[in-house]
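Asks: pasted the sequence and its predicted model underneath.
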Amino acid sequence: MTADELNEIYGAVISPDARVSVPEVWMSAVHDALRAFEELPTDIRAFAIITGIVESGGQLRINLAAAPEHMAEGGMQLIAEIVKTAQAAVKRSVH
């Protein structure tokens, strides 16, 4: 899927020119992560955008640009938990 296709499903959580390049088997974890990003409170989600979802060294990497100084407290921690959950799901699917 492309970033534009993912934005059609989840709203503007991913940059339209973001690189999306992961094995198809990982897409369920990616969809779960994007759904979680979409559900973040506005005072967190408005200050972060995904800039890439790629495979790197056999691991899922979700890159983002953020302005944590403008987020509600704990915003980056919530984002880190989403990424960690997606990475764990991919790891389970590989092993």
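Replies: Looks like it arrived, so ask away.
Asks: element containing Arg61, please.
Replies: strand 59-66 (DSSP states H and E).
Asks: in that strand, what counts as buried?
Replies: Of the residues in strand 59-66, 60, 62, 64, 66 count as buried by neighbour count, 16 or more other C-beta atoms under 10 Å. Where C-beta positions appear, they are placed from N, C-alpha and C, glycine not excepted.
Asks: mean pLDDT per element in the chain, and the minimum belongs to which helix or strand?
Replies: Least confident helix or strand of the chain, by mean pLDDT, DSSP states H and E, is helix 3-10 with a mean of 89.
Asks: which SSE is immediately downstream of that helix?
Replies: Using DSSP H and E, the helix or strand that follows helix 3-10 in sequence is strand 14-21.
Asks: what's that next one packed up against?
Replies: Using 3 or more C-beta pairs under 8 Å, 6 or more residues apart in numbering; DSSP states H and E as the contact criterion, the secondary-structure elements in contact with strand 14-21 are helix 3-10, strand 48-56.
Asks: the lengthiest helix in the chain to strand 59-66, inter-axis angle?
Replies: In the chain, ranked by residue count with DSSP state H as the criterion, the top helix is helix 75-94. The directions of helix 75-94 and strand 59-66 differ by 160 degrees, with axes from the mean of the first three to the mean of the last three C-alpha atoms, to 10 degrees as the criterion.
Asks: so what touches helix 75-94?
Replies: Counting by C-beta atoms under 8 Å, 6 or more residues apart in numbering, the neighbours of helix 75-94 from elsewhere in the structure are 25-26, 28-30, 32-33, 36-37, 40, 43-44, 47-48, 58-60, 62, 64, 66, 68.
Asks: rerun at 6 Å
Replies: 25-26, 29, 33, 36, 44, 60, 62, 68 (C-beta atoms under 6 Å, 6 or more residues apart in numbering).
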